[in-house]
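Have a look at this prediction, sequence included:
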Amino acid sequence: MIYLIAALKGLVLILLLLFTFAYLTWGMRRGLARFQIRLGPNRVGPLGLLQPIADAVKAIFKEDISVANADKFVYWLAPLISFTFALAAFAIIPLGPKGSIFGIDPWVADLNVGILYLFAAAELATYGIFLSGWASGSKYSLLGGLRSAAGLVGYELALGVALLGPVLMVGSLNLRDIVDWQAQHGWLALWQLPVFIVYFIAALAEMGRTPFDFVEAEQELVGGFSTEYNSMKFVSFYMAELLHWITASALIPTLFMAGWHAPFGLPEIPILWLFIKWLVFIFIVMWIWASWFRTRYDVLIRFAWGVLFPVALAWFLLTAYWVASRGGAA
Amino acid sequence: MSAFDLLMGVLLIASALAAVTLKNAVHAGLALVANFLSLAVVYFALEAQFLGWIQIIVYAGAVMVLFLFVIMLLFDAKADVGLDRLPWMRPLAAALAAAFFLALAYAFSGVGPVNPLADVKLGGGLPKALGGLLYGNWLYTVLLVAALLFAATVAAVSLVQPQIRKARVKPQVLERDRELEEVGK
């Protein structure tokens, strides 16, 4: 019975994420168009709201071409890996208190080692990108794939070390404990401001968004790792990319801004507050996307190793000293 | 033995075999990733959650990403089976492998019957419980694994040795030698 409920909750979450993905493509194109003083998709349905459905139909009926030079097995495997692990990470984000949605807990999995699960999912998702780069049998794809692998080693380290401070303060790896701790003691974004900034920058790199979208830099690499993909295989990469954006925008408030708890003593309503915080981060990322330039690839690597990582490490040591001097986590 | 034990055993052995037999280096690397992931599943079944996640993050994630990165960057992704440099080594290697398996059988015989997966609790993968097992009952096995790792290191070094031993001659030097030779004539 427990497994059945978990499976059903997982299914509902996947459907929700896919729906969000579909309408994020619409919202993203309309939003970016606003930034660039143009209209964006507005022909299919009122305000262009049926555009995602039209796009889906088009993608499904497109001829599925595979490349003669490709390594067939890995070429097929890569989009699957990308897509699967992009979906997986959202499962442990709590949307509200225990039993708040018709008596059901609003999360799919409640893991004691939630943070570790996040890193595992993030790292395995990278496989999709860089295997596709290798399997496509194209130099541009390979360059995109190699960039993603080298980038991963850079920013994932900063990402991981940045979370050590918050984990030490809370004294738990469980996302629910982290959220509840913040409801009592205030946002971790205030307690841990430097690593909050580090985490946000590293998360941008992990999402592959501007300023760090060098994995698929059009001007240099055609389409990067996904150059040789089309129809549904391309769509699954696209989905994975936007799902990373969706997940990270929910994860940052969960880790640093008290998650589903209401800010400023407003009434607590499950899901609503997390949704608002999520929208804010979706918008900030889109804003950066519309108004920033792409950094060079080696600049990110140097920045991740030379700035993000030392800052996160120094802050972690500081936090460790502070926690130890207070005699353990609060 | 439950169906789960059997399935994971088959998966582990099959992926390990694939990792050493596949001709394409990237495919072999992927088989190794599959092996690490199955091992993580076994850890989860033993209720060693922490160990399982670390296995995924460190080995399947970081180590293998670096590994595959190097393969993609440097090799043409074809396993270099090439010529056999030390042919007289083969029977010796076979004999040593047989001796190793005998030693392994002896090490396992000292442990007694292996408990079903579900009965062995690693206590959440805590270092203390783990250390007691590794350096108690399983000491011989650990030592043998250490010997195997050492042999692998020696093999890796000896494989790349010839290229290192031959000092690289700069093209400029070659050019000058040729010119000197011409002048000498």
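In hand now; what should we look at? Numbering: from 1, shown residues only, chains lettered A, B, ... in the order given.

ok, so what distance separates A:Leu13 from chain B?
21 Å (CB to the nearest CB, to the nearest Å). Any C-beta I mention is one placed from the backbone N, CA and C, and that applies to glycine too.

before we move on, what about A:Leu221?
15 Å.

ok, that residue - how many residues close by?
23 (other CB atoms under 10 Å in any protein chain shown).

what helix or strand does the nearest residue to it once chain neighbours are set aside sit in?
The shortest distance from A:Leu221 to any non-neighbouring residue, by CB to CB, 6 or more residues apart in numbering or on different chains, is to A:Tyr140 (4.7 Å). When elements are assigned from DSSP states H and E, A:Tyr140 belongs to helix A:139-170.

so how many other residues sit close to the residue in chain A positioned nearest to chain B?
Nearest residue of chain A to chain B (CB to the nearest CB) works out as A:Glu123 at 3.3 Å. Look at A:Glu123: counted by other CB under 10 Å, it has 22 neighbours.

which stretches of the chain have low pLDDT?
If you meant another chain, say so; for now it's chain A. A:103, A:328-330 (pLDDT under 70).

Wait, chain B was what I had in mind.
For chain B (pLDDT under 70), the answer is B:1, B:74-86, B:110-131, B:133, B:158-168, B:185.

Now do the buried residues in the helix holding A:Tyr140.
The neighbour-count check on helix A:139-170 (16 or more other CB atoms under 10 Å in any protein chain shown) flags A:140-170 as buried.

Following element in sequence after it, please.
Assigned by DSSP H and E, the successor of helix A:139-170 is helix A:175-185.

quick one: contacts of the helix or strand following that next one?
Downstream of helix A:175-185, the first helix or strand assigned by DSSP H and E is helix A:188-191. Applying CB atoms under 8 Å, 6 or more residues apart in numbering or on different chains, the contact partners of helix A:188-191 are A:Pro166, A:Met169, A:Val170, A:Ile178, A:Trp181, A:Gln182, A:His185, A:Phe196, A:Leu255, A:Phe256, A:Met257.

Pull out the buried members of these.
By 16+ other CB under 10 Å, the contacts of helix A:188-191 give A:Pro166, A:Met169, A:Val170, A:Ile178, A:Trp181, A:Gln182, A:Phe196, A:Leu255, A:Phe256, A:Met257 as buried.

Which of those sits closest to A:Trp76?
Closest to A:Trp76 out of these is A:Leu255 (34.5 Å), distances taken as CB to CB.

give the contact list for that closest one.
A:Leu255 touches A:Leu163, A:Pro166, A:Leu175, A:Ile178, A:Leu188, A:Tyr199, counting by CB under 8 Å, 6+ apart.

Name the nearest of the residues you listed relative to A:Arg30.
Distances from A:Arg30 to the contacts of A:Leu255, taken by CB to CB, are shortest for A:Tyr199, at 28.4 Å.

leaving aside the residues next to it on the chain, what's closest to the closest one?
Using CB to CB, 6+ apart, the closest residue to A:Tyr199 is A:Ala162 (4.3 Å).

do stretch B:53-71 and chain A meet at all?
Yes - using CB under 8 Å from any CB of the partner chain, stretch B:53-71 reaches chain A at B:Trp53, B:Ile54, B:Ile56, B:Ile57, B:Ala60, B:Gly61, B:Ala62, B:Val65, B:Leu66, B:Leu68, B:Phe69.

C-alpha coordinates for that stretch, PDB please?
Below are the C-alpha coordinates for stretch B:53-71, written out as PDB (Å, rounded to 0.1, in the frame of the first residue of the first chain):
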ATOM      1  CA  TRP B  53      24.400   7.500  -1.900                       C
ATOM      2  CA  ILE B  54      28.100   8.000  -1.500                       C
ATOM      3  CA  GLN B  55      28.800   5.200  -3.900                       C
ATOM      4  CA  ILE B  56      26.600   6.900  -6.500                       C
ATOM      5  CA  ILE B  57      28.000  10.400  -5.900                       C
ATOM      6  CA  VAL B  58      31.600   9.600  -5.700                       C
ATOM      7  CA  TYR B  59      32.100   6.600  -7.900                       C
ATOM      8  CA  ALA B  60      29.200   6.600 -10.400                       C
ATOM      9  CA  GLY B  61      29.200  10.400 -10.500                       C
ATOM     10  CA  ALA B  62      32.500  12.100 -10.000                       C
ATOM     11  CA  VAL B  63      35.100   9.400 -10.700                       C
ATOM     12  CA  MET B  64      33.400   8.000 -13.700                       C
ATOM     13  CA  VAL B  65      32.700  11.400 -15.200                       C
ATOM     14  CA  LEU B  66      36.400  12.200 -15.000                       C
ATOM     15  CA  PHE B  67      37.300   8.800 -16.400                       C
ATOM     16  CA  LEU B  68      35.000   9.000 -19.400                       C
ATOM     17  CA  PHE B  69      36.100  12.600 -19.900                       C
ATOM     18  CA  VAL B  70      39.700  11.400 -20.300                       C
ATOM     19  CA  ILE B  71      38.700   8.500 -22.500                       C
END
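
Now that stretch: buried residues?
Quick answer for stretch B:53-71 (16+ other CB under 10 Å): B:53-57, B:59-62, B:64-65, B:68-69, B:71.

Ok, stretch A:193-207 next?
A:195-207.

What segments of chain A are strands?
Here chain A has no strands by DSSP state E.

how does the chain divide into domains?
I'll assume chain A. A:1-61, A:65-325 (automatic domain parsing).

that answer is for a different chain, and I need it for chain B
Per automatic domain parsing, the structural domains of chain B span B:1-75, B:80-185.

Of those, which is nearest A:Lys58?
Per CB to CB, nearest to A:Lys58 of these: domain B:1-75, 32.3 Å.

So what's the gap between that closest one and the chain middle?
Its chain's C-alpha centre and that of domain B:1-75 lie 11 Å apart, by CA atoms, centre = their mean, to the nearest Å.

and if you look at stretch A:193-213?
Per CA atoms, centre = their mean, the centroid offset for stretch A:193-213 relative to its chain is 10 Å.

which outside residues touch it?
Contacts with stretch A:193-213, where a contact means CB under 8 Å, 6+ apart, come from A:122, A:148, A:151, A:154-156, A:158-159, A:162-163, A:165-166, A:188-189, A:215-216, A:241, A:244-245, A:248, A:251-252, A:255-256, A:285, A:288-289, A:292-295, A:300, A:304, A:308, A:311-312, A:315-316.

if we go to 6 Å?
A:155, A:158-159, A:162, A:165, A:189, A:215, A:244-245, A:248, A:256, A:285, A:289, A:292, A:294-295, A:300, A:308, A:311-312, A:315 (CB atoms under 6 Å, 6 or more residues apart in numbering or on different chains).

Going by neighbour count, which of these are buried?
Looks like those have A:155, A:158-159, A:162, A:165, A:189, A:215, A:244-245, A:248, A:256, A:285, A:289, A:294-295, A:300, A:308, A:311-312, A:315 buried, using 16+ other CB under 10 Å.

what about the residue lying closest to B:Leu148 once chain neighbours are set aside, distance to chain A?
Leaving aside its sequence neighbours, B:Leu148 sits nearest to B:Phe100 (CB to CB, 6+ apart; 7.3 Å). As for B:Phe100, its distance to chain A is 33 Å (criterion: CB to the nearest CB).

would you say B:Phe100 is within a strand?
No - counting by DSSP: H, G, I helix; E, B strand; the rest coil, B:Phe100 is not part of a strand but helix.

Can you give me the neighbour number for it?
Residues near B:Phe100, counting by other CB under 10 Å: 14.

circling back: so what's the residue of chain A closest to chain B up against?
B:Gly61.

at 8 Å what do you get?
A:Leu152, A:Glu156, B:Ile56, B:Ile57, B:Ala60, B:Gly61, B:Ala62, B:Val65.

The last one should be in a strand, yeah?
So that's B:Val65. No - counting by three-state DSSP, one finds B:Val65 to be helix, located in no strand.

Many thanks, we can stop here.
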